[in-house]
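Peer 1: generate coordinates for the sequence data below:
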Amino acid sequence: TIVILLKEHDLLLSDYIADDNIAAYCIRAIFEIEKSFIVGKNNILNLVNEYLGKAKRYQAWEVLNLSHTSMLDDGHPFNFAFWDSKIKDMSIVDRDIFWSEYIRSGDDGFSKNIVESIYQHYKDGGKTTPRSVNGCLYASWVLTTTDRKLRDEATRALYWAGRMDPALLYRLTKSSIEIN
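Peer 2: Model prediction:
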């Protein structure tokens, strides 16, 4: 109901966050609504970035978990391209604590599922799509894990992506060179 009210009256959820106590609920609402209802995307992005800047690690992981449904969706503001930019901006220590520990925690098999879907997509001769690009970007970050089996599976998925679309693998590699 609140989403329809916001949409019908061109209200921004970010306008109603007055204190930190309700910020987590508002963030959850942002990730639970359909992307077509997200208006004022720059305000929403700023709101989420501000929240993540203040969040404790477990809170940031919760937000990352909330974005699982949008992770590969090219049209969603919180797809993996968003997280890629957040992770790249982190210091090595913060990135290791945030991303590597998140992957090591098992993330309910989410990473394994994305990596496996990218592998199957390209092994079956699939063409590159915006969804597969986000998946390959995700798989490239999975390469940083200490979980050897998962890292090997990500390598295999990216190998197949590179066989089918060498330019994509080149772009991913070039992009990763910028990471400290």
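Peer 1: buried residues in the longest helix along the chain?
Peer 2: In the chain, taking DSSP state H as the definition, the longest helix is helix 148-164. Neighbour counts over helix 148-164 (16 or more other CB atoms under 10 Å) mark 150, 151, 153, 154, 155, 156, 157, 158, 160, 161, 162, 164 as buried. (Glycine included, C-beta is placed from N, CA and C.)
Peer 1: closest to residue 142 among those?
Peer 2: Distance to residue 142 across the buried residues of helix 148-164 (CB to CB) is lowest for residue 154, with 4.0 Å.
Peer 1: for the longest helix of the chain, give me every contacting residue.
Peer 2: By CB atoms under 8 Å, 6 or more residues apart in numbering, the list of residues contacting helix 148-164 from outside reads 103, 111-112, 115-116, 118-119, 122-123, 125-128, 132, 136, 139-140, 142-143, 145, 168-169, 172.
Peer 1: which of those are buried?
Peer 2: 103, 111-112, 115-116, 118-119, 122, 126, 132, 136, 139-140, 142-143, 145, 168-169, 172.
Peer 1: so what's the gap between the longest helix of the chain and the chain middle?
Peer 2: In terms of CA atoms, centre = their mean, to the nearest Å, the centre of helix 148-164 is found 19 Å from the chain centre.
Peer 1: ok, which stretches of the protein are helices?
Peer 2: Under DSSP H, the chain gives helices at 2-8, 23-32, 41-54, 57-66, 80-89, 92-95, 101-104, 110-123, 130-142, 148-164, 166-177.
Peer 1: need those in CSV with distance to residue 72, can you?
Peer 2: Shown next, in CSV, are those (distance: least, CB to CB, whole Å):
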stretch, distance to residue 72
helix 2-8, 22
helix 23-32, 15
helix 41-54, 18
helix 57-66, 14
helix 80-89, 7
helix 92-95, 21
helix 101-104, 17
helix 110-123, 7
helix 130-142, 5
helix 148-164, 13
helix 166-177, 15
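Peer 1: how far away is the residue positioned nearest the centre of the chain from residue 125?
Peer 2: In the chain, the centroid-proximal residue (CA atoms, centre = their mean) is residue 80; its distance is 3.0 Å. Applying CB to CB, to the nearest Å, the value for residue 80 to residue 125 is 23 Å.
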